[in-house]
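Trainee: this is a predicted model, with the sequence first.
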There are 2 protein chains.
Amino acid sequence: MLYPNNIKKDYKKITSFSNRGMDLEQIIEMANQYYIDNDIAYIYKKPTPIGVTKVDYNIKGKRILDGYYKCPSTLDFNGLYKGYYIEFDAKVTLNKTSFPISNVHEHQINHIYNINKHGGIVFLIIMMNNKYFLLMGSTFLDFIKNNSRKSIPYEFIKNNAYEIDLSLNGLDYLKIIDKLIGGHI
Amino acid sequence: MLYPNNIKKDYKKITSFSNRGMDLEQIIEMANQYYIDNDIAYIYKKPTPIGVTKVDYNIKGKRILDGYYKCPSTLDFNGLYKGYYIEFDAKVTLNKTSFPISNVHEHQINHIYNINKHGGIVFLIIMMNNKYFLLMGSTFLDFIKNNSRKSIPYEFIKNNAYEIDLSLNGLDYLKIIDKLIGGHI
């Protein structure tokens, strides 16, 4: 099915909100759905990690009575594109001049390092100043290694990340990955 | 660190429980830890998907007051080996003559299909009759496609899956994957 109902709805939203900054996760999920529907890639959102402290067993099964959202140690999105391992996270900042590194948890930094080391494609999609950027994990790690700053200047992002265009199919980030795989950027 | 404390403990358990059928997940996690510690691979367990129906916002943050365990739509373990995308699930059956296909949820079957289609390495690790088998996703899908049976006979598993040996480093399943990648089996 090329355009399921929920996607159609999203198209409408894109038109009306295009200049106001849409929900980043929503336009990524739109792209992911488009990739799946068109057999381009298989990328999905991982479950949010939850810690469970109290459960109740009743006739309907196990019920969680007390739990909390754990600090994520991996990145939100994961999957496959042309046989390549893909993993990334979506980050939004309202800060106009720099991206605070604290947006990426320490465990996530470690995770980025490991994926990068073992040959996966790992990156961050950063929404900032109403633009969308794809920042490769290796560039992000290099910045942390070589700087003592607690945030990445917008200038650095503009010069070292790749701007992603918003299309009718959502945020088509694989267009950037395609160029990277092909060695065109 | 080659042998952290928790791994040492596991070694002891392996010795004492070796003939009684250990916890499958435990010996997989042991192997995963061994792979990470020795820079062989980076494979980790995904969070269990949970549905949240009631939350409480208090001074300490968001707390889950009502939730339930969702039926998993992906497989439990995920990661990278030599740049290859790896995903698999661990299944145990006490049934001696066949492996009930109902152990694999419908969404998981769909997931296996998608990973396989997009070039990932996907499989099941099945514990049965005190042996451990690696059944490739493609073999599993073929069986379902070509049979109307609700379970896979043990004979089929013995002939079409690969037996994994239990080692001091846990269940070293990548030894099988290595042979598959190298085209030796």
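Mentor: Perfect, I can see it now. Numbering: from 1, shown residues only, chains lettered A, B, ... in the order given.
Trainee: would you verify that A:Tyr34 is located in a helix?
Mentor: Yes - assessed by DSSP: H, G, I helix; E, B strand; the rest coil, A:Tyr34 belongs to a helix.
Trainee: where do the strands sit along chain A?
Mentor: Under the criterion DSSP state E, chain A carries strands at the ranges A:42-45, A:50-58, A:61-69, A:77-81, A:84-92, A:98-100, A:121-128, A:131-136, A:151-153, A:162-163, A:166-167, A:170-171.
Trainee: any chance of these in a markdown table, plus distance to A:Gln108, mean pLDDT and mean neighbour count?
Mentor: (C-beta placed from N, C-alpha, C; glycine too.) Below are those laid out as a markdown table (distance: least, C-beta to C-beta, whole Å; pLDDT from 0 to 100; neighbours: other C-beta atoms under 10 Å in any protein chain shown):
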| stretch | distance to A:Gln108 | mean pLDDT | mean neighbour count |
| --- | --- | --- | --- |
| strand A:42-45 | 15 | 95 | 20 |
| strand A:50-58 | 17 | 76 | 12 |
| strand A:61-69 | 14 | 75 | 16 |
| strand A:77-81 | 12 | 96 | 23 |
| strand A:84-92 | 7 | 96 | 22 |
| strand A:98-100 | 14 | 97 | 19 |
| strand A:121-128 | 9 | 97 | 24 |
| strand A:131-136 | 13 | 97 | 21 |
| strand A:151-153 | 15 | 97 | 18 |
| strand A:162-163 | 20 | 98 | 15 |
| strand A:166-167 | 25 | 90 | 16 |
| strand A:170-171 | 20 | 96 | 24 |
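Trainee: distance to B:Thr74 added to those strands, as a markdown table?
Mentor: Output for these, formatted as a markdown table (distance: least, C-beta to C-beta, whole Å):
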| stretch | distance to B:Thr74 |
| --- | --- |
| strand A:42-45 | 7 |
| strand A:50-58 | 16 |
| strand A:61-69 | 19 |
| strand A:77-81 | 9 |
| strand A:84-92 | 13 |
| strand A:98-100 | 30 |
| strand A:121-128 | 18 |
| strand A:131-136 | 24 |
| strand A:151-153 | 32 |
| strand A:162-163 | 28 |
| strand A:166-167 | 27 |
| strand A:170-171 | 21 |
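Trainee: now render those strands as a markdown table, adding distance to chain B.
Mentor: Listed next are these as a markdown table, based on distance: least, C-beta to the nearest C-beta, whole Å:
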| stretch | distance to chain B |
| --- | --- |
| strand A:42-45 | 4 |
| strand A:50-58 | 5 |
| strand A:61-69 | 4 |
| strand A:77-81 | 4 |
| strand A:84-92 | 4 |
| strand A:98-100 | 19 |
| strand A:121-128 | 10 |
| strand A:131-136 | 16 |
| strand A:151-153 | 24 |
| strand A:162-163 | 22 |
| strand A:166-167 | 21 |
| strand A:170-171 | 19 |
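Trainee: looking at those, spot the one closest to B:Ser98.
Mentor: For those, proximity to B:Ser98 was assessed by C-beta to C-beta; strand A:61-69 is nearest, at 26.1 Å.
Trainee: restricting to C-alpha, output the closest one in PDB.
Mentor: Provided in PDB are the C-alpha atoms of strand A:61-69 (Å, rounded to 0.1, in the frame of the first residue of the first chain):
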ATOM      1  CA  GLY A  61      -1.800 -11.500  32.700                       C
ATOM      2  CA  LYS A  62       1.100  -9.400  34.000                       C
ATOM      3  CA  ARG A  63       0.400  -5.700  34.700                       C
ATOM      4  CA  ILE A  64       3.000  -3.100  35.500                       C
ATOM      5  CA  LEU A  65       2.000  -1.100  38.600                       C
ATOM      6  CA  ASP A  66       5.200   0.900  39.100                       C
ATOM      7  CA  GLY A  67       7.800   1.800  36.500                       C
ATOM      8  CA  TYR A  68       9.900   4.600  35.200                       C
ATOM      9  CA  TYR A  69      11.500   5.800  31.900                       C
END
